[in-house]
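Asker: Task: produce atomic coordinates for the following.
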Amino acid sequence: MTTDRYRQARDLGADFLLQHLHADGSFGNPEKGVTEYYKVPAAFLVSGHSRSAGRLLDWIRRHGLRDNGDFGPRPAAATDTYYYTYYNAWVIKAAHRMGQFDLSQRGMDFLMGFWDAASGGFYSSPTQRTPETKQDLWVVAGSGWSALYTGRMDVARHVGHWMNRLLDAQPNYPEVLYSVSSAATGLITEVLDGDDFRYVLSHDESRDQSFYHPGIAAGFLARLYQATGEDQWLGLARQYLRFAEHVGAYHFRLLRAGKVGWAAAVLYTLTGEAKYRNMAIRVGDELIAQQTAEGYWNWPAEDGSLEANNDITAEMVVWLDEIHQAIG
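Answerer: This is a model prediction of the structure:
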């Protein structure tokens, strides 16, 4: 089986997304606003459709960029969520890679309102800024991406230090990864509101889990190492990806493993170690196995049924491209 399969699957997914780009540059279902389009510019860009990416970014400039640098329209369900900034981070990263600096820099200015200079992390709340306000690993990492791409290197390093402290505080790593902290509590090892998905990731293979946590952390840290040449970030990236070295096939069958595939691909590029190549291939092949013949990936709808999902399809296109870069 040729490693060109990752490029082929990437392009098939991008071709599906292109069918949902409208004549005015908008994308998909307008009622979903930013939650529909936020990953799509990156997917178009990495699959060679820069003109389509530019058309969508121009639509965002005209209809989605708010005066304060936030991106919209934002449906009600996405206005009071702890991962508010995650949507913004994807737009910022793609815009910066496209040279659309008005979008990326103004977008990052808005995200800086979430930054906690004392901890180095980013708040997981649109409005709260107290010692009790939680900070989530994947939310902090997404904002750290944006800082790295937009040249806020001091902020990106602070994010790295935040991740280092989070890992140092783990009581049973790599068997268990707790992913939320606050200034008042430190690492939160109690599952609150019954939301184990948010607070803890374990080797347990009986439930859906946030397997993207070690991937997004390790991927960010590997990129931070590339930007700075500082060895500590490469070492910390390795430590975060240790979690993925010791889990079973269940975790790798989750589409949430895409970020692990990205991180493993980057670490293989940087280290040449076969274990990272093998991990990237494992993820990439699982993603391909779950792609439909039409190019999209399914995701559970509110009623529990599976349906074509533009959000997850765009993300899988991006991760397949990262694996293709390293392996293909």
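
Asker: The spatially closest residue to residue 205 that is not a sequence neighbour: helix or strand, and which one exactly?
Answerer: Counting by Cβ to Cβ, 6 or more residues apart in numbering, residue 250 is the residue found nearest to residue 205 once chain neighbours are left out, at 3.8 Å. Any C-beta I mention is one placed from the backbone N, CA and C, and that applies to glycine too. For residue 250, the enclosing helix or strand under DSSP states H and E is helix 249-253.

Asker: List of residues touching whichever helix or strand comes after that helix?
Answerer: Once helix 249-253 ends, the next helix or strand along the chain (criterion: DSSP H and E) is helix 258-271. With contact meaning Cβ atoms under 8 Å, 6 or more residues apart in numbering, helix 258-271 is reached by 211-212, 214-219, 222-223, 225-226, 234, 237-238, 240-241, 244, 252, 273, 276-277, 279-280, 282-284, 287, 315-316, 318-319, 322-323, 325-327.

Asker: so where's the stretch 1-150 of the chain uncertain?
Answerer: The stretch 1-150 of the chain contains residues with pLDDT under 70 at 1-2.

Asker: my guess is residue 166 meets residue 189, correct?
Answerer: No - Residue 166 is beyond contact range of residue 189, at 11.6 Å (criterion: Cβ atoms under 8 Å).

Asker: Those two: who's more crowded?
Answerer: Neighbour totals were compared for residue 166 and residue 189, and residue 166 leads with 23 against 16 (other Cβ atoms under 10 Å).

Asker: if we can go back for a sec, tell me which strands and helices the helix holding residue 250 is in contact with?
Answerer: helix 274-290 (3 or more Cβ pairs under 8 Å, 6 or more residues apart in numbering; DSSP states H and E).

Asker: Any idea how far the helix it packs on is from the middle of the chain?
Answerer: The chain centroid and the centroid of helix 274-290 are separated by 17 Å, computed with Cα atoms, centre = their mean, to the nearest Å.

Asker: Indicate each strand paired with the helix or strand just after it and its parallel or antiparallel sense.
Answerer: For helix 274-290, the following helix or strand on the C-terminal side (DSSP H and E) is strand 298-300. According to DSSP bridges, strand 298-300 forms sheet pairs with strand 306-308 (antiparallel).

Asker: How about residues contacting the partner strand?
Answerer: Residues outside strand 306-308 that contact it (Cβ under 8 Å, 6+ apart): 16, 292, 294, 296-301.

Asker: Likewise for stretch 277-286?
Answerer: 3, 5-6, 241, 244-245, 252-253, 257-258, 260-261, 264-265, 268, 319-320, 323, 326-327.

Asker: now those: which count as buried?
Answerer: 5-6, 241, 244, 252-253, 257-258, 260-261, 264-265, 268, 319-320, 323, 326-327 (16 or more other Cβ atoms under 10 Å).

Asker: follow-up on the earlier one: check the gap between the residue nearest to residue 205 and residue 215 for me.
Answerer: 16 Å (Cβ to Cβ, to the nearest Å).

Asker: the more surrounded of those two?
Answerer: residue 215 (27 against 15).

Asker: list the contacts for the more buried one?
Answerer: By Cβ under 8 Å, 6+ apart, the residues touching residue 215 are 241, 244, 257-264.

Asker: cool, and residue 161?
Answerer: residue 120.

Asker: what about the strand or helix carrying residue 159, average pLDDT?
Answerer: Assessed by DSSP H and E, residue 159 sits inside helix 153-168. Helix 153-168 carries an average pLDDT of 98.

Asker: any idea of the mean pLDDT for the helix or strand following that helix?
Answerer: Once the chain leaves helix 153-168, the next helix or strand it forms, by DSSP H and E, is strand 176-178. The pLDDT scores in strand 176-178 average 98.

Asker: Which neighbouring elements make contact with strand 176-178?
Answerer: strand 200-202.

Asker: which neighbours does the strand it packs on have in its sheet, and in what orientation?
Answerer: strand 176-178 (antiparallel).

Asker: List the buried residues of the partner strand.
Answerer: 177-178.

Asker: before we move on, what about stretch 132-148?
Answerer: 133-148.

Asker: so of those, which ones are in helices?
Answerer: 137-148 (DSSP state H).

Asker: what's the span of stretch 119-136, first residue to last?
Answerer: Using Cα to Cα, to the nearest Å, the end-to-end distance of stretch 119-136 comes out at 12 Å.
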